[in-house]
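Trainee: next comes the sequence, and after it the predicted model I'd like to discuss.
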Amino acid sequence: PTFSVSKSYQIDLSSVSDVKVKVNPMITSMPAEYQIEFKTGIQGELSADDTIHIVFDVGQQLPAVIAKANILINGMLISSDPIVDGKMVTIKAGKTILAGSTISVVFKKEALIQNPMYAGSYKIKVFTSKEMVLVESNPFEIVQNSTLSNLSIKASPATVNSIGQYTLTFNLGPYGSLVE
């Protein structure tokens, strides 16, 4: 036999990659929307019946049941209820997703996934039924509640027994926002 030298190559397991998480709001103990994005690997094509598995960090509180109306994959509602098992949520892909695709999974705030009680850095892990390697997300921060400061009230006119206008001024904390 005649041997020849080939170009180098790597044999490796196919896995998801680039797992990113956004949380809103990012305040402790609050129910939040979780946006999880990842990319399937070279062997990661998913059929409609394949599954996506998302493992939440130890601090997050998951309900026993999450309705399918509260989860989106690539902007579309999922077709069947997910399975919640401890800190892991298993979701059917619902349609074909090609290898090398970016997948966005959104758990709406109504899914009632609660942020951890303690401020800190957390991670979520993802794998699929085609790529079984558990891959961690980027770290994301959960912060303490914001508080109002420098509250002042001004009455105009400042006289007794008159109809007046009241002006309140205050500063929001570093993570605060006003919502209706």
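Mentor: Thanks, I have the structure now. No experiment lies behind these values; they were computed from the predicted model shown. Residues are numbered from 1 along each chain as shown.
Trainee: so which residue is dead centre in the protein?
Mentor: Tyr34 (2.3 Å; CA atoms, centre = their mean).
Trainee: what sits against that residue?
Mentor: Counting by CB atoms under 8 Å, 6 or more residues apart in numbering, Tyr34 touches 21-23, 106-107, 111, 113, 124. Backbone N, C-alpha and C define where each C-beta goes, glycine included.
Trainee: do that again at 6 Å, thanks
Mentor: 23, 107, 113 (CB atoms under 6 Å, 6 or more residues apart in numbering).
Trainee: I'd like the distance between it and Thr96.
Mentor: Distance from Tyr34 to Thr96, counting by CB to CB, to the nearest Å: 24 Å.
Trainee: over to Gln35?
Mentor: Relative to Thr96, and taking CB to CB, Gln35 is found at 22 Å.
Trainee: give me the more crowded residue out of those two.
Mentor: Comparing Gln35 with Thr96 by other CB atoms under 10 Å, the one with more neighbours is Gln35, at 16 against 11.
Trainee: quick one: contacts for that one?
Mentor: For Gln35, the contacting residues are 22, 106, by CB under 6 Å, 6+ apart.
Trainee: what do you get if the cut-off is 7 Å, keeping everything else the same?
Mentor: By CB atoms under 7 Å, 6 or more residues apart in numbering, Gln35 lies in contact with 21-22, 104, 106.
Trainee: and those, which is closest to Ile73?
Mentor: Ser104 (7.1 Å; CB to CB).
Trainee: show the pLDDT at the closest one.
Mentor: pLDDT, Ser104: 97.
Trainee: that one: neighbouring residues, count only.
Mentor: Neighbour number of Ser104 under other CB under 10 Å is 14.
Trainee: tell me which element it falls in.
Mentor: Secondary structure assignment for Ser104, by DSSP states H and E: strand 102-107.
Trainee: quick one, strands of the chain?
Mentor: Ranges of strands within the chain are 17-24, 33-39, 51-55, 71-73, 76-77, 83-85, 88-92, 102-107, 120-122, 125-128, 135-136, 140-142, 149-156, 165-171, based on DSSP state E.
Trainee: low-confidence stretches in this structure?
Mentor: Residue ranges of the chain with pLDDT under 70: 10-12, 146-147, 173-180.
Trainee: between its first and last residues, how far does stretch 144-151 reach?
Mentor: Stretch 144-151 has its terminal residues 20 Å apart, counting by CA to CA, to the nearest Å.
Trainee: measure the residue nearest to the centre of the chain to Gln60 for me?
Mentor: 8 Å.
Trainee: likewise for Gly44?
Mentor: 25 Å.
Trainee: same question, Val106
Mentor: 15 Å.
Trainee: now render the contacts of Tyr34 as CSV, adding neighbour count and distance to Ile54.
Mentor: Formatted as CSV, the contacts of Tyr34 follow (neighbours: other CB atoms under 10 Å; distance: CB to CB, whole Å):
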residue, neighbour count, distance to Ile54
Val23, 21, 13
Phe107, 24, 8
Ile113, 22, 10
